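Novice: pasting the sequence and the predicted model now:
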Amino acid sequence: MGLHGSLIWYELMTSDADAARAFYQAVVGWTIDAQGSNDGGHKGYRMIAMPDGAVGGVLPLTEAMIGHGAKPAWLFYVHVSDVDEAVAGIEKAGGRTLMAPWDTPGIGRFAMVADPHGAPFYVMDPIPPAGGGESTSFDPKRLGRCAWNEHRAPDLAAAVDFYTSHFGWVVSGSMPMGALGDYMFLSHGAVPIGAAFPAGDSDLPAWIHYFRVPDIGKAAAAIGASGGTLLQQPHEVPGGDHVLIARDPQGAVFALVA
């Protein structure tokens, strides 16, 4: 199920799963479970899907999690061939373990980590599903999937070195952004997965994930009508796509592309 360094799952941690379900179904067009299960090893976990496959999950934050500093956010899962080895390497490079490796029967082995600049994400060695098949969570072209991952780094060179060293990603080009510096394109194998660029003064998270929708204008209107906040108005980017950045009603930042 994927190769080392591939992006295989996206997870929304939220303080109100019911409200988040209503919001994202209206904005992105996902189908999200009305009731939670124990999928992912967490009570109340809800699956996010499109008609042609799974996209990710919704993890309700408990009072204990919030008490330990957890906040609504989107995180991604990076496939690794050995979770314990990956965690050791991340710690050696200056990252941290936020949740020590654990196993979920029938699903795989996980850990939540943070890169040396504090950006959280998961590493996972998944158990392939019955009958095989690849994850459909990341796909640059398919509706409802994450199409782009953008990293805002206080030290661009160090951030790029960290992710390319640990996950086999490569810098596949760059685009000057004036005083901000270069926008460094990242690929995994032959697949463009996102970019990194120097962070400015903002409260945006280090990683922002762009989900593909059919119409950016309709999505922007749905964000406002559903209680979200536009942080960056829809605008065209090189290549002809249109993007926006927003915050959902619980505070998680996300982005859309069409």
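Specialist: That came through, no problem.

Novice: nearest residue to the middle of the protein?
Specialist: Phe76 (3.5 Å; CA atoms, centre = their mean).

Novice: packing partners for the host helix or strand of that one?
Specialist: With the criterion set as DSSP states H and E, the secondary-structure element containing Phe76 is strand 73-79. In terms of contact count using 3 or more CB pairs under 8 Å, 6 or more residues apart in numbering; DSSP states H and E, strand 73-79 is assigned the packing partners strand 7-14, strand 120-126, strand 207-212, strand 253-257. Backbone N, C-alpha and C define where each C-beta goes, glycine included.

Novice: which residues does the residue nearest to Asp115 when sequence neighbours are not counted contact?
Specialist: Spatial nearest neighbour of Asp115, excluding adjacent residues (CB to CB, 6 or more residues apart in numbering): Gly95 at 5.1 Å. In this structure, Gly95 makes contact with 113-116, 162, judged by CB atoms under 8 Å, 6 or more residues apart in numbering.

Novice: partner residues bridging the nearest residue to Ile127 once chain neighbours are set aside?
Specialist: Once flanking residues are discounted, Ile127 sits nearest to Gly108: 4.8 Å by CB to CB, 6+ apart. Assessed by DSSP bridges, Gly108 has beta-bridge partners Thr104, Pro126.

Novice: wait, doesn't Gly108 sit right on Tyr122?
Specialist: No - between Gly108 and Tyr122 there is no contact under CB atoms under 8 Å: 10.4 Å.

Novice: okay, now the domains of the protein?
Specialist: 7-126, 146-257 (automatic domain parsing).

Novice: now do the longest one: distance from first to last residue.
Specialist: Which is domain 7-126. End-to-end distance for domain 7-126: 12 Å, by CA to CA, to the nearest Å.

Novice: just the shortest one next, same as before
Specialist: In domain 146-257, first residue to last residue: 9 Å (CA to CA).

Novice: off-centre distance for it?
Specialist: 10 Å (CA atoms, centre = their mean, to the nearest Å).

Novice: and it, what's its mean pLDDT?
Specialist: Mean pLDDT, domain 146-257: 93.

Novice: equivalent analysis for stretch 14-33, please.
Specialist: Stretch 14-33 comes out with an average pLDDT of 97.

Novice: may I see the buried residues of that stretch?
Specialist: 14-15, 17, 20-21, 23-24, 26-30, 32-33 (16 or more other CB atoms under 10 Å).

Novice: from those residues, which ones fall inside strands?
Specialist: Secondary structure assignment by DSSP state E places 14, 32 of those in strands.

Novice: show me which of the buried residues of stretch 14-33 is closest to Val87.
Specialist: When the buried residues of stretch 14-33 are ranked by distance to Val87 (CB to CB), Thr14 comes first, at 25.4 Å.

Novice: what residues does stretch 193-206 touch?
Specialist: Contacts to stretch 193-206, defined as CB under 8 Å, 6+ apart, come from residues 7, 73-74, 115, 117-119, 138, 148-154, 156, 159-160, 163, 169, 177, 180-187, 231, 245, 253.

Novice: now stretch 19-28
Specialist: Residues from elsewhere that reach stretch 19-28 (CB under 8 Å, 6+ apart): 12, 14, 30-34, 46, 48, 58, 144, 211, 213, 219, 222-223, 225-228, 248-250, 252, 256.

Novice: mind running it again at 6 Å?
Specialist: Where contact means CB atoms under 6 Å, 6 or more residues apart in numbering, the residues beyond stretch 19-28 that reach it are 14, 30, 32, 211, 213, 219, 222-223, 226, 248-249.

Novice: now these in CSV, with distance to Phe197?
Specialist: Output for the contacts of stretch 19-28, formatted as CSV (distance: CB to CB, whole Å):
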residue, distance to Phe197
Thr14, 27
Trp30, 28
Ile32, 31
Phe211, 20
Val213, 23
Ala219, 24
Ala222, 28
Ile223, 24
Ser226, 29
Asp248, 24
Pro249, 28
